[in-house]
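Participant: After the sequence you'll find the predicted model.
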Amino acid sequence: MAKQKAAQKQSVRKYLTAENGILFLAMLLPLASVYYDDANSIIRQGMNVWEALFSGHFLHYFSLCGESVQQGLMVHQANYGLVMNLILAIWNLPLYLAEKLMGGNILEHFAARLWGKGEMLLCAWICVGLLKRIAGKLGFDEKRKHLLGFLFLSSAWLVLGAVLVAQIDIICMVFILLAFEALLDENIKKFLIYFTLSVLTKEFALFVFLPIILLKEKNLIKAGVAMVLPFAVSFVMNLPFKWADPAGAALKKPRTWVMIDQLTRMRITFFGEIRIPAFFIALAAVVVVSYMTVVKEKKEEPKWMLYMGFLGMLPVFVCAYSYPYWGLLLLPFSLLLILWEREKLFLKLFLETAAILSLIVADMIEFPWIFQEVEGMLPDFLYGLQGNIPGVIEQLSEFLKQEKYFNMWTLAYAPFLVWLVDFLVRFYPGRKIAAPQTAEKDAFWTDGTEQSIRILSILRAIGTFVLCDIAWFLLPVCR
């Protein structure tokens, strides 16, 4: 009997290894397909840390990045703080050394681009390990933990944000998950460290943890100290750069104002002429709800924390001019809530799949350049385009955005918005509604079976990679 069980476990491990191997290979395709302008600037910022250090002008790092912009080596000024730049520098040291040996711009080479983007793929797999560890502490069994990892890695938000366009949100997510785990363990010191690092890598982490902190800590002074800590650390770390190179440090300011403009662009008119940013209204509502919520039973607290983490990031994603890859910061919280209970799992997963894939279609029309910057990448080489990349997706976007179509394309956002309302109601932890008795024939379509859920998750993954690799399908037709 024991040998039979051991053989079954070994068979399951082989299956999971094969499945993960196929998923990893699938992720390599979008990694090699697109080279987004942001990715170039992100990689170059990491390389410039070594240039500043070895040239003896480390405190003039931001001026050095400004020179890189003038030389055409990067598109954007250095946007990130010291912690993020050091993380980027560690990974991109081989590229810096290769550029010094070979000369020229190393990021013109496909292999160098692939290496630079690879850091985000690595972080994605690290996040899976952390997610499974958190899921184990929440009582998930092995099958649900594996499904969680598969759903995370095959999500359109993850593939688009971390693999296709290689944004640093996935690095921030590593520290967010570490901080969330520390809260589950009631380890406040560890939480403060990881929370600080998460905000220092990307400030949006503050919006994730703001309601969670207020949910757990009703003393406003203590909560305020925790929330101010990352900015105090950032201020101290930036002081030497401001003193040594005030002009270079000032180059970050325009980017800050652009970000504030994006967060406050959507406004609601009150009292006739007063226009208040929708982001502020939504964020204030989240803060009030989280502070006023009192969790009576300790066992209910983790679910409240997940819900509040999702709710905290939501105003950034919905009530501002947001980019598709910001949805990545919502992903762990939504998946953990969806898989929390087995009841109606097939239905919950089906709705999430339809909503996110529909949203990606809308993003393809609103942000076409994200999906078609393939110059110097694998599609360019294989199709022999030689840099002459037709803006296929951009042309389709312009066609659909014509006024005579009355913005009908925006209907692609509808499934996501409907799902979002359903999600907020369905997973509200304080909801006390007796579940109706489900007939056996209906339970098959709502609860699903292990096989049907697995098939749905695979179809979900296929939909993700088809949309994120859309250039592979359009370029041969339009070359």
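Facilitator: Thanks, I have the structure now. Since we're looking at a predicted model, the values are computed, not measured. Numbers count the residues shown, from 1 in each chain.

Participant: Who are the contact partners of Phe90?
Facilitator: No, residue 90 isn't Phe; it's Ile. By C-beta atoms under 8 Å, 6 or more residues apart in numbering, the contact list for Ile90 reads Gly46. Placement of C-beta: from N, CA and C, glycine included.

Participant: And the average pLDDT for the one helix or strand it maps to is what?
Facilitator: Secondary structure assigned from DSSP states H and E places Ile90 in helix 82-102. Mean pLDDT, computed over helix 82-102, is 94.

Participant: same thing with stretch 55-68?
Facilitator: 90.

Participant: right, and the secondary structure at Val294 would be what?
Facilitator: Using DSSP: H, G, I helix; E, B strand; the rest coil, the structure places Val294 in coil.

Participant: list the contacts for it?
Facilitator: Lys218.

Participant: Give me the residue at the spatial middle of the protein.
Facilitator: Leu328 (2.3 Å; C-alpha atoms, centre = their mean).

Participant: The residue nearest to that one when sequence neighbours are not counted: neighbouring residues, count only.
Facilitator: Using C-beta to C-beta, 6 or more residues apart in numbering and skipping the chain neighbours, the partner closest in space to Leu328 is Gly161 (4.1 Å). Gly161: 27 surrounding residues under other C-beta atoms under 10 Å.

Participant: What separation do you get for Gly161 and Val286?
Facilitator: Distance, Gly161 to Val286, using C-beta to C-beta, to the nearest Å: 22 Å.

Participant: Let me see the ranges of the strands in this protein.
Facilitator: With DSSP state E, the ranges of strands along the chain come out as 267-270, 274-277.

Participant: just checking, which of those sits deepest inside the structure?
Facilitator: Highest mean neighbour count of those: strand 274-277, a mean of 13 (counted as mean count of other C-beta atoms under 10 Å).

Participant: Show me what it is packed up against.
Facilitator: Judged by 3 or more C-beta pairs under 8 Å, 6 or more residues apart in numbering; DSSP states H and E, strand 274-277 is in contact with strand 267-270.

Participant: Could you give the average pLDDT over the strand it packs on?
Facilitator: So the average pLDDT for strand 267-270 ends up being 83.

Participant: so what strands line up beside that strand?
Facilitator: As defined by DSSP bridges, the strand partners of strand 267-270 come to strand 274-277 (antiparallel).

Participant: Can you tell me what sits against the partner strand?
Facilitator: Contacts for strand 274-277 (C-beta under 8 Å, 6+ apart): 263-270, 319.

Participant: Quick one: low-confidence residue ranges for the stretch 151-300 of the chain.
Facilitator: Of all residues in the stretch 151-300 of the chain, none has pLDDT under 70.

Participant: which residues touch the residue nearest to Leu328?
Facilitator: Applying C-beta under 8 Å, 6+ apart, the residues near Gly161 are 167, 169-170, 324-328.

Participant: tell me the contacts of Gly430?
Facilitator: With contacts defined as C-beta under 8 Å, 6+ apart, the neighbours of Gly430 are Thr293.

Participant: Actually, Leu138.
Facilitator: So Leu138 contacts 184, 302, 336, 340 (C-beta under 8 Å, 6+ apart).

Participant: Could you count how many residues lie near Ala39?
Facilitator: A count of nearby residues for Ala39, using other C-beta under 10 Å, gives 22.

Participant: For it, which non-adjacent residue is spatially closest?
Facilitator: Ala166 (4.1 Å).

Participant: how close does that neighbour sit to Cys123?
Facilitator: Ala166 is 10 Å from Cys123, by C-beta to C-beta.

Participant: Just the CA trace of the helix holding Ile90, in CSV.
Facilitator: Taking Å, rounded to 0.1, in the frame of the first residue of the first chain, the C-alpha atoms of helix 82-102 are listed here in CSV:
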residue,chain,number,x,y,z
LEU,A,82,18.2,53.6,-4.6
VAL,A,83,16.8,50.3,-3.5
MET,A,84,15.2,49.5,-6.8
ASN,A,85,18.2,50.6,-8.8
LEU,A,86,20.5,48.4,-6.6
ILE,A,87,18.2,45.4,-7.3
LEU,A,88,18.3,46.1,-11.0
ALA,A,89,22.1,46.6,-10.8
ILE,A,90,22.8,43.2,-9.3
TRP,A,91,21.0,41.4,-12.1
ASN,A,92,22.4,43.6,-14.9
LEU,A,93,26.1,43.5,-13.9
PRO,A,94,26.8,40.9,-16.7
LEU,A,95,25.4,43.4,-19.2
TYR,A,96,27.5,46.2,-17.9
LEU,A,97,30.7,44.1,-18.1
ALA,A,98,29.8,42.8,-21.6
GLU,A,99,29.2,46.4,-22.8
LYS,A,100,32.6,47.5,-21.5
LEU,A,101,34.3,44.6,-23.2
MET,A,102,32.4,44.8,-26.5
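
Participant: Would you mark the buried spots in that helix?
Facilitator: Across helix 82-102, burial judged by 16 or more other C-beta atoms under 10 Å covers 82-85, 87-89, 91-92, 95-96, 98-99.

Participant: Considering the residues you listed, which is situated nearest to Phe427?
Facilitator: Of all the buried residues of helix 82-102, Met84 has the smallest distance to Phe427: 31.6 Å, by C-beta to C-beta.

Participant: I'd guessed the closest one sits against Lys202; true?
Facilitator: Yes: assessed by C-beta atoms under 8 Å, Met84 is found in contact with Lys202 at 7.5 Å.
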